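Colleague: here you go, sequence then predicted model.
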Amino acid sequence: MKVFGRILFLAVFYICCQQAGGQQHKIIYQESNLDFANPERGFYIPLDAYAHKLIPLNEEKLIKDRTEMQKHGSASYGVYSTLLYRGYILDTFTDKPLSDAFLKALENDLAIIRRAGVKMIIRFAYTNKTHSGDCPATEKICPPYGDAPKAVMLAHIARLKPVLQKNADVIAVLQEGFIGIWGENYFTDYFGDASDNGVGKIMDNNWKDRNELLKALLEALPKDRMVQVRTPQIKQKFVFGPQAATTSQALPEKEAYTFSDKSRIGFHNDCFLASIDDYGTFYDYGSSDSPKQEANEALRKYFEQDSRYGPVGGETCDDAFSPDNDCAPAGHAEQELAAMHYSFLNTAYNNKVNNDWDSLGCLADIKKKLGYRFVLVNADFPAAVKAGGTLTFTVHLVNRGYAAPFNPRPVKLILRNKESGKEYFFTCKADVRRWFSGHVNWKESIELPGSLAPGRYEMLLSLPDKYSSLSQRPEYSIRLANENVWEEKTGYNRLEQVISITHK
């Protein structure tokens, strides 16, 4: 009787599966440990450009940097790089409009970036030079600093807007820049000097001017592109006003990726783990009614929460904070990168820090975990589906990276006929920006057209760039970290499942 009952159960199960559209196949995937290039993440290459003598980018070098592991500067390690940081120093335009020649040169750079298959982290500033003297600042960086008045900056942003809009496809992110030396919003002649050379804090009218500039930059970009600011307090003052407290609320998940201004602001920390407060990154610069003061704990908490939904990058700048900035167990570099959702770092600076990560053994993981790293774990697919029916599947992934992708991109399921090679594309509802670090359970149902020819179809997953100018280019598609799934020529990921489409 037990045998008969088991046979009856299996028969009923088989009939139910057939009625539901066929048996399910469970696929188990093998994770890959390879380090490889993926768009909009990883170690970036820095390269400044000066308006007085703008040297065009080298397309061949950019392609080589993307496709072959290269060492940069004094680095002891090699990287694949899909990102170029380009700092444009507008040193000849502090008191006049941007020239047509400069804008043409900028467009030429962006065209080279596109042909090379990489993207740009872009910043504009007026100077990256300091000078000392008999001034009160403890850093002995003295005024005048060399940036431009607000009216000049706003006019420059207005001139840049058409170029930025036209070339947004190859702009990974725009950094706020403009204000102060290096565009880092601190040593400035016009926007409030928080150093001992000035009043020692940033007054309300200065915050309002800074907010106006940030608003202009957000409007200069399409809604699907973000702006990084130098400190978390800059975002707080923009969202909540000049009197905003350092305990201001971080962006809630329900407001993430809504294309509102506050959902389009991320961070770049250019002194990662350089001191207890990362050389002022996590510091309260005050307002008209409040003093400049320490706020390390509150601002770090805000950064950790808010950074989950936007681009985070930067560079190391000093090894004075060793061993805290080292690998575990002595340091907490990896823990900090994960907690603050870093997508990219400078590969050429400061390699006193980065090279320590190499020699101490954690750099290999950091290279792979910056940004996203999607790994297929397993999936359930039907063995057969009727044309005009519903294809329902479940995919279990894990994101081993520190962050999710910060720019929108489609998720496409592809059915490729095993005999004719004809491909059918289905855009899914899934949003990769919400495939956060850790486990991801993706379940979806897709309605198949009744005209779909009967036959056997290979299933593939494509995560291409959003822009039509790049969507057919494999180098701009996301590669999954699994064995034997990546198709280099197409930019597709094989799901290792063949499904039968029937008309019965």
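Modeller: Great, that's in hand. Numbers count the residues shown, from 1 in each chain.

Colleague: could you use CA atoms for every contact and neighbour count after this?
Modeller: OK.

Colleague: how about A168, phi and psi?
Modeller: Backbone torsions of A168, given as degrees, to the nearest 10, read phi -60, psi -20.

Colleague: what values do phi and psi take at N399?
Modeller: Backbone torsions of N399, given as degrees, to the nearest 10, read phi -100, psi 110.

Colleague: pretty sure it sits against V432.
Modeller: No: taking contacts as C-alpha atoms under 8 Å, N399 lies outside contact range of V432: 10.3 Å.

Colleague: between these two, which has more neighbouring residues?
Modeller: Set side by side, N399 and V432 show more neighbours around N399, with 22 against 19, by other C-alpha atoms under 10 Å.

Colleague: could I get the full set of strands for the stretch 151-300 of the chain?
Modeller: In the stretch 151-300 of the chain, the strands defined using DSSP state E, counting those that start in this stretch lie at 171-175, 227-229, 265-269, 283-284, 293-294.

Colleague: where's the residue nearest to E487 when sequence neighbours are not counted relative to Y402, distance?
Modeller: Spatial nearest neighbour of E487, chain neighbours left out: N493 (6.1 Å); criterion: C-alpha to C-alpha, 6 or more residues apart in numbering. Distance, N493 to Y402, using C-alpha to C-alpha, to the nearest Å: 22 Å.

Colleague: please say which of the two ends up with more neighbours.
Modeller: Neighbours were counted for N493 and for Y402 using other C-alpha under 10 Å; Y402 has more, 27 against 24.

Colleague: quick one: contacts for that one?
Modeller: The neighbours of Y402, taking C-alpha atoms under 8 Å, 6 or more residues apart in numbering as the test, are 337-343, 369-372, 437.

Colleague: which SS state does it fall under?
Modeller: Three-state assignment for Y402 (DSSP: H, G, I helix; E, B strand; the rest coil): coil.

Colleague: what residues sit buried inside the helix or strand hosting the residue nearest to E487?
Modeller: Using DSSP states H and E, N493 sits in strand 492-502. Neighbour-count burial for strand 492-502 flags 492-495, 497-502 (criterion: 16 or more other C-alpha atoms under 10 Å).

Colleague: just list whatever residues bridge to V395.
Modeller: V395 forms beta bridges with A379, W442, as assigned by DSSP bridges.

Colleague: who are the contact partners of it?
Modeller: 376-380, 441-443.

Colleague: roughly how far does A148 sit from Y126?
Modeller: 7 Å.

Colleague: what's the first helix or strand after the helix or strand of the chain with the lowest mean pLDDT?
Modeller: The least trusted helix or strand in the chain, going by mean pLDDT, DSSP states H and E, turns out to be helix 2-19, with a mean of 40. Following helix 2-19 in sequence order, the next helix or strand is strand 24-28 (DSSP H and E).

Colleague: list the buried ones in that following strand?
Modeller: By neighbour count on 16+ other C-alpha under 10 Å, the buried set for strand 24-28 is 24-25, 27.

Colleague: what helix or strand is T392 on?
Modeller: strand 390-399.

Colleague: and the next helix or strand past that strand?
Modeller: Per DSSP H and E, the first helix or strand lying C-terminal to strand 390-399 is strand 412-417.
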